[in-house]
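Peer 1: For reference, the sequence and a predicted model appear below.
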Amino acid sequence: MKLITAIIPPDRLDHVREALIQADITRITVSRVTGHGRQEDIEFYRGQKIAPNLIPKVRLDIAVNNEFVDITVDTIVKAAKHGQGEIGDGKIFITPMEQCIRIRTNERGGSAI
Amino acid sequence: MVKKLSTSLLLVLAAMLVHGTGWAAETVVTDTGTTSWMLTSTALVLLMVPGLAMFYGGLVRTKNVIGTMMHSFGAMVIIGVLWPMLGYALSFGHGILGGFVGWDSKYFMLQGIDDTIMSTQIPEYVFAMFQGKFAIITPALIAGAFAERVNFKGYALFIALWSIFVYSPICHWVWASDGFLFNLGPMGAIDFAGGTVVHISSGVTALVAALFLGARRGYPRNVMHPSNLVMTLMGAGLLWVGWFGFNAGSAIASNLATARALTVTQMAAAAGAFTWMIIEMVHHGKATSLGVASGILAGLVAITPAAGVVQPVGAFALGAIAAVICYLAIMVKSKLGYDDSLDAFGVHGVGGIVGALALTFFIRPSWMAEAAAKVGGSWTIWQQLGVQATAVGVTVAYAAVVSLVLLFIVEKTIGLRISEDDEMSGLDHSMHGEQGYGLINPN
């Protein structure tokens, strides 16, 4: 079992979510986060161009069984990219996951995902 | 420095003297009471625009809140420029082209009204600005129908064209002293504060626009939750408050007629909200805040044409009837599946039509007696209903046809419907390069 954590641009959230649903990955957790990356996000504030210190991103947490890792990652990479790819398109982290428990039934392991 | 000051003081004195003689020559003088109330009303009606921005902004998804609020503020900016330039002349000038629209070159840029005091004893500037606020809010209402899916540039062009080609002619017909609906029947088509001009015209355009542009991506399969109902409620509250200026100001007076309009406005809004609340409690078991807000609006919209002619009983009835019919209209919309995102047609179009027609049955007897006296015999409610239906029919047909043409032109030139990519990222990012909410959860 792996935990896939993806940091993606907020404006690609719908694209990624829909692509994941198409690929049958339907159990995800989404949160709004901010952070530093290589991207300098230019926004307008009263006509002034400003570069905020912390850039808003969306974080997806997806727990998957090993055979779903590749399809999940490929799907996110394809859907989160702006055009041919730009700085700021985000990152994906994969970590091994020790255990998964469904609270309702107390089921454990791969079937609980 | 001292010399400069004294010179300018002298100039001011001279100006005052000149002004004084000007006044002495005028037969009509300013009534300070009426003018004060009309200035207040003008400000109150403008307050409805940010109110509408909050109302609509709270109802869309987090990614579209700025884009949606900018539709209201965009109207404030664009019509704010256009109205004193052209709109006032087109609406309140003398009829040209066979009364199709008004025009008076002295109203261009409001040049010719610098000294004018109207027969209602207010400076014409106040009247022009008061009417300008109506011209601002009307196109902003339409935006509810195509929220979350239009290009800001296309929207800007559309409301500018719409204001010139739809709002101004209808406004001229209904409210200018030589407009043909103003003079229909013995006492004219009754539209006290904009049932046809504002609500039916914008509501019908909203329906046409929603059908022309098609549904939002994923509608109705995906649920699209309101981003912030707290803001929507604040907006509904501001609209209610502003509506006192909208209706009670439309008497262009500060007297009994004003008091009547204000009273029935208050009562219809409460009756509409109350009815909607009861319907929801019976139908769903819970009264929702959005239901109460919608009921307030339905009541206010319905009383708008009627505020000058109905008595309190009629206000209660109109508010309640409008709430029931608007509630049904929104249910029918869900069945039919067209995407009037924020129910601009369901509330303003339907509520406006209900108000303009149903008011006939609640007209105060003295009004009917006066109408009968004018026509020199009898004047029945059915004859007045015919007049009302004509005004409604003309407005619906004209607004629908011309709006469709304008939508087509805008869509084919600079584009109105945004690309799927932009729609998915949200208007805030794709149209404005901004974000409405900080770290609130996306929906």
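Peer 2: Perfect, I can see it now.
Peer 1: just the strands in the chain please.
Peer 2: Going with chain A. A:2-8, A:29-35, A:43-45, A:48-50, A:55-64, A:91-96, A:101-102, A:107-108 (DSSP state E).
Peer 1: Chain B, not that one
Peer 2: Going by DSSP E, chain B shows strands at B:94-96, B:101-103.
Peer 1: Deepest-packed of the ones you listed, please.
Peer 2: Most buried of those by mean neighbour count (mean count of other C-beta atoms under 10 Å in any protein chain shown) is strand B:101-103; its value is a mean of 22. The way it works is simple: take the backbone N, C-alpha and C, and place the C-beta from them, glycine included.
Peer 1: starting at the chain centroid, how far to that one?
Peer 2: Averaged C-alpha coordinates place strand B:101-103 at 20 Å from its chain's average position (C-alpha atoms, centre = their mean, to the nearest Å).
Peer 1: Pull the residues that contact that strand.
Peer 2: Outside strand B:101-103, the residues within contact range by C-beta atoms under 8 Å, 6 or more residues apart in numbering or on different chains are B:89-96, B:168-169, B:172, B:176, B:178.
Peer 1: re earlier: now mean neighbour count too, for the strands of chain A, in CSV please.
Peer 2: Written out in CSV, the entries for those read as follows (neighbours: other C-beta atoms under 10 Å in any protein chain shown):
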stretch, mean neighbour count
strand A:2-8, 19
strand A:29-35, 13
strand A:43-45, 12
strand A:48-50, 9
strand A:55-64, 20
strand A:91-96, 12
strand A:101-102, 12
strand A:107-108, 12
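Peer 1: do you know which of the ones you listed lies nearest B:F130?
Peer 2: Of all the strands of chain A, strand A:43-45 sits nearest to B:F130, with 34.2 Å by C-beta to C-beta.
Peer 1: now B:V310: how far from B:A206?
Peer 2: Separation of B:V310 from B:A206 (C-beta to C-beta, to the nearest Å) stands at 26 Å.
Peer 1: re earlier: tabulate the strands of chain A in CSV, adding columns for distance to chain B and mean pLDDT.
Peer 2: Converted to CSV, the strands of chain A look like this (distance: least, C-beta to the nearest C-beta, whole Å; pLDDT from 0 to 100):
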stretch, distance to chain B, mean pLDDT
strand A:2-8, 11, 95
strand A:29-35, 5, 88
strand A:43-45, 5, 67
strand A:48-50, 10, 69
strand A:55-64, 7, 91
strand A:91-96, 19, 95
strand A:101-102, 23, 93
strand A:107-108, 28, 91
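Peer 1: Quick one: closest of those strands to B:N247.
Peer 2: When these are ranked by proximity to B:N247 (C-beta to C-beta), strand A:43-45 comes first, at 38.9 Å.
Peer 1: related to what we said a few turns ago, of the contacts of strand B:101-103 - the most surrounded one?
Peer 2: Counting neighbours by other C-beta atoms under 10 Å in any protein chain shown, the top entry in those is B:S91, with 30 neighbours.
Peer 1: Around the closest residue to that residue other than its chain neighbours, how many other residues sit close by?
Peer 2: Residue nearest to B:S91 in three dimensions, not counting chain neighbours: B:C171, with 4.1 Å by C-beta to C-beta, 6 or more residues apart in numbering or on different chains. Each residue near B:C171 was counted by other C-beta under 10 Å, and the total is 28.
Peer 1: was I right about B:C171 contacting B:V197?
Peer 2: Yes: between B:C171 and B:V197 there is a contact at 5.1 Å, judged by C-beta atoms under 8 Å.
Peer 1: Touching both of the two, which residues are there?
Peer 2: Going by C-beta under 8 Å, 6+ apart, residues that sit against B:C171 and also against B:V197 are B:F134.
Peer 1: could the strands of chain B go into CSV alongside distance to A:V58 and mean pLDDT?
Peer 2: As requested, the strands of chain B are arranged in CSV below (distance: least, C-beta to C-beta, whole Å; pLDDT from 0 to 100):
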stretch, distance to A:V58, mean pLDDT
strand B:94-96, 56, 84
strand B:101-103, 51, 87
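Peer 1: other SSEs contacting the lengthiest helix in chain B?
Peer 2: Ranked by residue count, the top helix of chain B under DSSP state H comes out as helix B:381-413. Counting by 3 or more C-beta pairs under 8 Å, 6 or more residues apart in numbering or on different chains; DSSP states H and E, the packing neighbours recorded for helix B:381-413 are helix B:152-162, helix B:168-175, helix B:201-213, helix B:350-358, helix B:365-375.
Peer 1: before we move on, back to that, B:S378: which of the strands of chain A is closest?
Peer 2: Of all those, the one in closest proximity to B:S378, counting by C-beta to C-beta, is strand A:43-45 (65.2 Å).
Peer 1: burial measure for the closest residue to B:Q435 other than its chain neighbours, as a count.
Peer 2: Residue nearest to B:Q435 in three dimensions, not counting chain neighbours: B:D428, with 5.4 Å by C-beta to C-beta, 6+ apart. A total of 25 residues lie near B:D428 under the criterion other C-beta under 10 Å.
Peer 1: Equivalent analysis for the one 3 residues further on, please.
Peer 2: Other residues within reach of B:M431 by the criterion other C-beta under 10 Å amount to 20.
Peer 1: Looking at chain A, which residue is nearest chain B?
Peer 2: Proximity of chain A to chain B (C-beta to the nearest C-beta) peaks at A:D11, 3.3 Å away.
Peer 1: Check what pLDDT that residue gets.
Peer 2: What the model reports as pLDDT for A:D11 is 86.
Peer 1: nearest spatial neighbour of it, skipping sequence neighbours?
Peer 2: Computed as C-beta to C-beta, 6+ apart, the closest residue to A:D11 that is not its neighbour in sequence is B:S425, at 3.3 Å.
Peer 1: Show the contacting residues for the one you found.
Peer 2: Going by C-beta under 8 Å, 6+ apart, B:S425 touches A:P10, A:D11, A:R12, A:D14, B:K63.
Peer 1: Kindly report the same for A:T75.
Peer 2: A:T75 touches A:V16, A:A19, A:L20, A:Q22, A:A23, A:I25, counting by C-beta under 8 Å, 6+ apart.
Peer 1: picking that back up, doesn't B:D422 make contact with the residue nearest to B:Q435?
Peer 2: No: here B:D428 lies out of contact with B:D422, judged by C-beta under 8 Å, at a distance of 10.8 Å.
Peer 1: If you count neighbours, what's buried in the biggest helix by length in chain A?
Peer 2: Secondary structure of chain A read by DSSP H shows that its longest helix is helix A:69-80. Within helix A:69-80, the residues scored as buried using 16 or more other C-beta atoms under 10 Å in any protein chain shown are A:T72, A:V73, A:T75, A:I76, A:V77, A:A79, A:A80.
Peer 1: Quickly note the distance from the residue lying closest to the last one once chain neighbours are set aside to B:M431.
Peer 2: Same thing as A:A80. Here the nearest residue to A:A80 in space, its sequence neighbours aside, is A:I8; by C-beta to C-beta, 6+ apart that works out to 4.3 Å. As judged by C-beta to C-beta, A:I8 and B:M431 stand 21 Å apart.
Peer 1: What separation do you get for the residue nearest to B:Q435 and A:D11?
Peer 2: Counting by C-beta to C-beta, the gap from B:D428 to A:D11 is 9 Å.
Peer 1: Quick check: neighbours shared by those two?
Peer 2: The contact lists of B:D428 and A:D11 share B:K63, where a contact means C-beta under 8 Å, 6+ apart.
Peer 1: dump the residue contacts of residue 84.
Peer 2: Looking at chain A here, since you left the chain open. Shown here is A:Q84, which makes no contacts under the criterion C-beta under 8 Å, 6+ apart.
Peer 1: Actually, chain B is the one I wanted.
Peer 2: B:M109, B:L110, B:A128, B:G132.
Peer 1: Check the burial of the second one by counting its neighbours.
Peer 2: Think B:L110. B:L110 is flanked by 19 other residues according to other C-beta under 10 Å.
Peer 1: same thing with B:F408?
Peer 2: Tallying neighbours of B:F408 according to other C-beta under 10 Å, which is how burial is gauged here, yields 12.
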